[in-house]
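In: quick one, what's the 3D model for this:
(chains A and B)
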Amino acid sequence: MAKSKFQNVTGMQDVLPKDRKFFDMVERAAFKIASYYGYERTDTPVLEYSELFEKGTGQSTDIVQKQMYNLTTEGGDKLTLRPEFTPSLVRSYIQHGMVSWSQPAKLSAIGPLFRHERPQSGRFREFNQFEIDAIGDKEPILDVQVIFIFVKILESLGIKDINVHVNSIGCPKCKPNYRKLLRDYYRGREKSLCKDCRKRKKLNILRLLDCKDEKCERVKVGAPEIVDHLCMECHNHLKGVLEALDYLEVPYMLSPHLVRGLDYYTKTVFEIIPIEAEEKEGEEKVVSLVGGGRFDGLVKLFGGEDTPAVGASMGIERVIARMRKTGIKTPAVKLPRIFLVQLGDRAKLRGMKLMEEFRSAGIFSGEALGRSSIKPQMVLADKMEVDYALILGHQEVAEDTIIIRDMKSGSQEVIPMNKVIKVIKKRLKK
RNA sequence: GUGCCUAUAGCUUAAUGGUAAAGCGCUGCUUUGUGGAGGCAGUAAUGAGGGUUCAAUUCCCUCUAGGCACCCCA
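Out: This next block holds a predicted model:
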């Protein structure tokens, strides 16, 4: 197994051809649907200045505190392998003056992200996400469009048993009030909480709502819910989101305890979760396939105009794991229908040229130019289940002819080389 | 970062305190320029490094990788 002294880095994996087919399938579905709704692909560098994430993703988040791959260049620049897309895309929005585009600017992105966490199922140190962001519009319908697009992407990949969890975490106006209410509620109840939550209470009290510990769950039941304490603007925004989801018949539920871990979220937050995983909670881990929300303050935080925005991203590896689990197959690979068999050096050369002629004519041919004897080539042709083998030996090269062998019947005939493309084309049509 | 489990040929598995077996795959042979079945042969492994022992792949430790849970998240 491990003969080489080199191995892959923990949590980072090789994508072999059979895996790649799944990636391609997901990417194709994602771009097809997102681009229909106007989201255009944007690529940003894998490396960014560390400060972008420290400021954007947020100092208080686990991502920034302990999961970033940081490096310092010889010149002293502090760089980070991107742990998420949103800050990069917002940076790009400001830097390239997308403010002057028709708003909102609709961007999509795909590629690897890096977080130094302990790998486990559905979690890697290098992983791929597909993200879409609509920057420059505050209407709730944009939130819903983002959710809707991901639901449609998942559906088109055959993942239909999903549920969208939605919540609002308010804005800088109403969030502080709610925080205070929560603090008041939990004051005196510390003893009923798990160890972690006692710590969390000081760092970010909203996180208490996320805990799955039984004891905490019990305390949580009586806790004030943020949806009851939103300011008018946030309340109406949430109402607009839910109404649109209803209208579009998106399967969702309001999850008052959904809190997301990134600092920049405002108002709407959501996750898309497979239903089966929810039902089997305890046996199977609940992993969200998509997560996102509104980040109305981020553009301004980076020095741009005060610009509302909303976006989300999908974990490609997680979606693929889901597809595999539910038995979804990738489309069959296109196999060649003819196979070139060659004997002798001159035939190899002539064969190489012939294949190019076939390629220009749009005909896909198999080959084994590395082989010199005829048998293994025939075996391969058989395995590939081609319709015809084209045999090119010394004699054929000399006479400028080629043998066409019908693999099913075993009959074969010699035809002039200059007619072979025409003949094969005709036969393959049948 | 914490805890638990795992590690035998390319793949799937077997076995043992005395240097490892099989199936699949791959390569070749079974007519000298012709495939599909069957037969024959070949190929290749105890993740790495220590320790205990007369002897370890088997027991112990460390490392590495993989899996899982916590944390957190896509």
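
In: surely residue A:416 meets residue A:400?
Out: Yes: the pair formed by residue A:416 and residue A:400 meets the contact definition of Cβ atoms under 8 Å, at 6.6 Å. For every residue, glycine as well, the C-beta is placed using N, CA and C.

In: what residues does the stretch 251-400 of chain A put near RNA strand B?
Out: A:260-262, A:271, A:284-291, A:313-315, A:317-318, A:343, A:371, A:373-376, A:378-379, A:381-383, A:389, A:391, A:393-396 (Cβ under 7 Å from any atom of the strand).

In: which ChimeraX command selects the buried ones in these?
Out: Applying 16 or more other Cβ atoms under 10 Å to these leaves a buried subset, and the ChimeraX line that selects it is:
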select /A:260,261,262,271,287,288,289,290,291,313,314,315,317,318,343,371,378,381,389,391,393,396
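
In: ok, whichever residue of the stretch 251-400 of chain A sits closest to RNA strand B to residue A:295 distance?
Out: Using Cβ to the nearest atom of the strand, the single residue of the stretch 251-400 of chain A nearest to RNA strand B is residue A:261, 0.9 Å away. Applying Cβ to Cβ, to the nearest Å, the value for residue A:261 to residue A:295 is 13 Å.

In: and the stretch 1-150 of chain A, which residues reach RNA strand B?
Out: So the stretch 1-150 of chain A meets RNA strand B at A:1-3, A:7-13, A:61-63, A:84, A:115, A:117-124, A:127, A:129 (Cβ under 7 Å from any atom of the strand).

In: which ones among those are found in helices?
Out: A:62-63 (DSSP state H).

In: quick check: residue A:149 touching residue A:33?
Out: Yes: at 5.9 Å, residue A:149 counts as touching residue A:33 under the criterion of Cβ under 8 Å.

In: pLDDT weak spots in the stretch 251-400 of chain A?
Out: In the prediction, the stretch 251-400 of chain A carries residues with pLDDT under 70 at positions A:276-286.

In: how about the helices in it?
Out: Taking DSSP state H, counting those that start in this stretch, the helices of the stretch 251-400 of chain A run over residues A:275-279, A:298-301, A:316-325, A:345-360, A:374-383, A:394-399.

In: swap in the stretch 51-200 of chain A?
Out: Using DSSP H, counting those that start in this stretch, helices in the stretch 51-200 of chain A cover A:62-66, A:86-95, A:140-156, A:175-186, A:195-203.

In: on that earlier part again, so which of the helices of the stretch 251-400 of chain A gets nearest residue A:247?
Out: For residue A:247, the closest of the helices of the stretch 251-400 of chain A is helix A:275-279, at 21.4 Å, according to Cβ to Cβ.

In: picking up where we left off before, residue A:105 is nearest to which of the helices of the stretch 251-400 of chain A?
Out: helix A:298-301 (10.3 Å).

In: ok, residues contacting the closest one?
Out: A:55-56, A:86-87, A:90, A:93-94, A:135, A:264, A:305-307, A:309 (Cβ atoms under 8 Å, 6 or more residues apart in numbering).

In: mind doing that once more with 10 Å?
Out: A:55-58, A:86-87, A:89-91, A:93-94, A:98-99, A:133, A:135-136, A:262-266, A:295, A:304-309, A:311 (Cβ atoms under 10 Å, 6 or more residues apart in numbering).

In: could you export that helix as PDB, CA atoms only?
Out: The C-alpha trace of helix A:298-301 is given here as PDB (Å, rounded to 0.1, in the frame of the first residue of the first chain):
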ATOM      1  CA  LEU A 298     -19.700  43.000   5.400                       C
ATOM      2  CA  VAL A 299     -19.200  45.300   2.400                       C
ATOM      3  CA  LYS A 300     -19.100  48.300   4.700                       C
ATOM      4  CA  LEU A 301     -16.800  46.500   7.100                       C
END
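
In: centre of the chain to whichever helix in chain A runs longest, how far?
Out: In chain A, assigned by DSSP H, the helix with the most residues is helix A:17-36. Taking Cα atoms, centre = their mean, to the nearest Å, one finds the center of helix A:17-36 at 8 Å from the center of the full chain.
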